[in-house]
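Colleague: Quick check, what structure comes out for this input:
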Amino acid sequence: MTIRIAPPPATVHVIASDAEAIETAHALAAEFALGASDRDRDRILPWEQLERFSASGLWGITVPREHGGAGVSVVTLAQVIAIIGAADGSLSQIPQNHFYALEVLRSGGTPEQQAQFYALALSGYRFGNALAEIGARDFKRRTRLSRDGERLFVTGQKFYCTGAIFAHWIPTLVVDDEDRQQIVFVPHGAEGVAITDDWDGFGQRVTGSGSVSFDRVEVRPEWVIPFQSSFENPTPIGPLAQILHAAIDLGIGKGAFAATLPFIRERTRPWIDAGVERAADDPLLIAGVGEVSVRLRAAEALVNRAGRAVDEAIADTTEFTVAQASLAVAAARALTTAAGLLAASKLFELTGTSATLAADNLDRHWRNVRTHTLHDPVRWKYHAIGNHSLNGINPPRHGAI
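Modeller: Predicted coordinates for the structure are as follows:
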C-alpha cells in the first residue's frame with residue numbers, strides 16, 4: 001500500500017523536565033494570545049501556531065523517560081494545557097486527543113508499538129482523533145475494522161474529530177469482526193481517508209473538529225491497539241482524558257478573567273450609586289471579581305489534586321487507584337465547568353455593555369467555554385461522586401469518566 005504522511009516540523013526540541021514544560025508553555029502562550037481573537041473572529045485555522053507548538057516539544061512531554069521523553073506528571077500536563085487555554089482555547093483543545101492516544105498506547109500497546117509511536121511523538125508528529133460518531137443514539141461504533149484475507153481495512157464515518165485536519169496520524173475507534181473495540185492509528189494521507197473541515201459550532205471554532213471518512217482504508221496490524229480490553233481491566237485512560245478537558249475549561253476561564261481585569265480598570269464606568277470615580281473602586285464590582293477569583297482558584301486546586309490522583313493510578317494501577325482518580329477528576333470537571341462559565345459570564349456582567357462590542361470579540365471566551373463544557377454532561381460527574389459517596393459504587397470504566 002502507498003502511504004503519504006505529511007512531514008513534521010523540521011526541528012523539534014525535546015523537553016527534559018516538568019519545569020521546562022511549564023516555562024515553554026508560558027512562552028508559547030504569550031505568542032498565541034496575540035492573534036487569538038483574530039483567528040476566532042475570521043476562523044483562521046492555526047497552522048503556523050501548531051507548527052510552533054509541535055516544534056517546542058510540548059507534544060512529546062508525556063513520552064516516558066525510558067523512551068526518551070520527559071515523562072512529566074499529569075499535574076504538569078494539566079497545567080500546560082490550562083496555560084495554553086488561557087491564551088487560546090482552541091489551541092489547548094487540539095492536542096487533547098494526542099495525549100489521549102499516547103495514554104492508550106502506554107496502557108495497551110506492545111513494546112514495539114510504543115517504541116514506534118513514542119519516537120514519532122518526540123519527532124513532532126501530531127496524533128488527532130476519529131472517535132465519535134453521530135446519527136445514532138445507542139453509542140455503538142459502526143466504523144469497522146474488517147479482514148479480507150491477510151489484509152485489514154477501516155470503513156466508516158466520524159465526527160467531532162478535533163485536530164484530525166492538523167494530524168499526521170489519526171487514531172480511530174473501530175469495532176473488529178468479533179465486535180471488539182480497537183484503536184487504529186491511521187496515517188493522515190492514507191488512500192481512502194477524507195477529512196472535511198465542517199465544524200461550525202459557535203465556539204472552539206478553529207479546533208478542526210469536523211468529519212473524517214474512511215473508504216476501505218488499508219491499515220497494518222502493527223497500527224492496531226487493543227481498546228476494549230483497556231476498560232475491561234482498570235487503566236487510567238478515562239481519568240487522563242477527562243483531566244485534560246478540565247484543564248481546557250480552567251484555562252478558558254482564566255483567559256476570560258484575565259480579559260476582565262484590564263477592561264474594568266481602563267474602560268468600565270462605575271455605577272452611579274457606588275459614589276466612586278473608578279469602576280475598580282466599586283465595592284460590589286470588587287466583590288464580583290473576588291467571587292470569580294475564588295472559584296477559579298478552587299477549580300485549579302481540584303485539577304492539581306486530580307492530577308496527583310491520576311499520577312498515582314499510573315504508578316500503581318489498581319481498581320482502587322483508578323476509581324479514586326476518576327472521582328477526583330469528576331470533581332475537577334464539575335468545578336472547572338462552573339468556574340469557567342462563571343468567569344466568562346461575569347466578564348460582561350462586571351464590565352457592562354461596552355464589552356459586547358464586536359471589535360473586542362470578548363464573547364469568544366463565553367462561546368469557547370460553553371461549547372467545550374458540553375463535551376460530556378457534567379450532571380453525570382455529580383452522579384458518579386454521589387453514587388460513590390452514598391452507595392460505595394465505583395465509577396464505570398470508560399473514556400468519559
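Colleague: and Gln181, what are its bridge partners?
Modeller: Per DSSP bridges, the residues bridged to Gln181 are Val175.
Colleague: separation between it and Gly352?
Modeller: 51 Å (C-beta to C-beta, to the nearest Å). All C-beta atoms are positioned from the backbone trio N, CA, C, and that covers glycine.
Colleague: again with Glu291
Modeller: Between Glu291 and Gly352 the computed distance is 17 Å (C-beta to C-beta).
Colleague: what does Gly156 give?
Modeller: Applying C-beta to C-beta to Gly156 and Gly352 gives a distance of 49 Å.
Colleague: More neighbours: the two, which one.
Modeller: Set Gly156 next to Gly352 and count neighbours by other C-beta atoms under 10 Å: Gly156 wins out with 20 against 16.
Colleague: Same question for the lowest-mean-pLDDT helix or strand in the chain: list its buried residues.
Modeller: Least confident helix or strand of the chain, by mean pLDDT, DSSP states H and E, is helix 229-232 with a mean of 88. Residues Ser230, Phe231 are the ones in helix 229-232 that count as buried (16 or more other C-beta atoms under 10 Å).
Colleague: who are the neighbours of that helix, in terms of helices and strands?
Modeller: Under the contact criterion of 3 or more C-beta pairs under 8 Å, 6 or more residues apart in numbering; DSSP states H and E, helix 229-232 touches helix 96-108, helix 237-266.
Colleague: would TSV of these with mean pLDDT and distance to Gly89 be doable?
Modeller: Shown next, in TSV, are the helices and strands packed on helix 229-232 (pLDDT from 0 to 100; distance: least, C-beta to C-beta, whole Å):
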stretch	mean pLDDT	distance to Gly89
helix 96-108	97	11
helix 237-266	98	4
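Colleague: Kindly reformat these as TSV containing mean neighbour count.
Modeller: Listed next are the helices and strands packed on helix 229-232 as TSV, based on neighbours: other C-beta atoms under 10 Å:
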stretch	mean neighbour count
helix 96-108	23
helix 237-266	25
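Colleague: can I get these in JSON lines with distance to Arg141?
Modeller: Below are these laid out as JSON lines (distance: least, C-beta to C-beta, whole Å):
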{"stretch": "helix 96-108", "distance to Arg141": "15"}
{"stretch": "helix 237-266", "distance to Arg141": "16"}
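Colleague: Contacts only, for the residue nearest the centre of the chain.
Modeller: By C-alpha atoms, centre = their mean, the mean C-alpha position of the chain lies nearest to Gln96, the distance being 3.1 Å. Counting by C-beta atoms under 8 Å, 6 or more residues apart in numbering, Gln96 touches Ile81, Thr162, Gly163, Ala241, Leu244, His245, Ile248.
Colleague: before we move on, what about Glu277?
Modeller: Pro270.
Colleague: In terms of helix, strand or coil, where does it fall?
Modeller: At Glu277 the chain is in coil, as set by DSSP: H, G, I helix; E, B strand; the rest coil.
Colleague: phi, psi of it?
Modeller: Torsion angles at Glu277 (phi, psi; degrees, to the nearest 10) stand at phi -90, psi -30.
Colleague: how does the chain divide into domains?
Modeller: 18-122, 144-227, 233-391 (automatic domain parsing).
Colleague: Now distance to Arg137 too, for these, in CSV please.
Modeller: Below are the domains of the chain laid out as CSV (distance: least, C-beta to C-beta, whole Å):
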stretch, distance to Arg137
domain 18-122, 23
domain 144-227, 14
domain 233-391, 14
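Colleague: quick one, which of the ones you listed is nearest to Ile401?
Modeller: domain 233-391 (5.2 Å; C-beta to C-beta).
Colleague: which residues sit in contact with Arg297?
Modeller: No contacts exist for Arg297 under C-beta under 8 Å, 6+ apart.
Colleague: what about 10 Å?
Modeller: Contacts of Arg297 were listed using C-beta atoms under 10 Å, 6 or more residues apart in numbering, and they are Lys254, Ala339.
Colleague: Give the phi and psi angles for it, as a check.
Modeller: phi -70, psi -40.
Colleague: Touching, Val292 and Ala259? I think so.
Modeller: No: Val292 lies out of contact with Ala259 (C-beta atoms under 10 Å); the separation is 11.6 Å.
Colleague: any shared contact partners between these two?
Modeller: Ala343, Ala344, Leu347.
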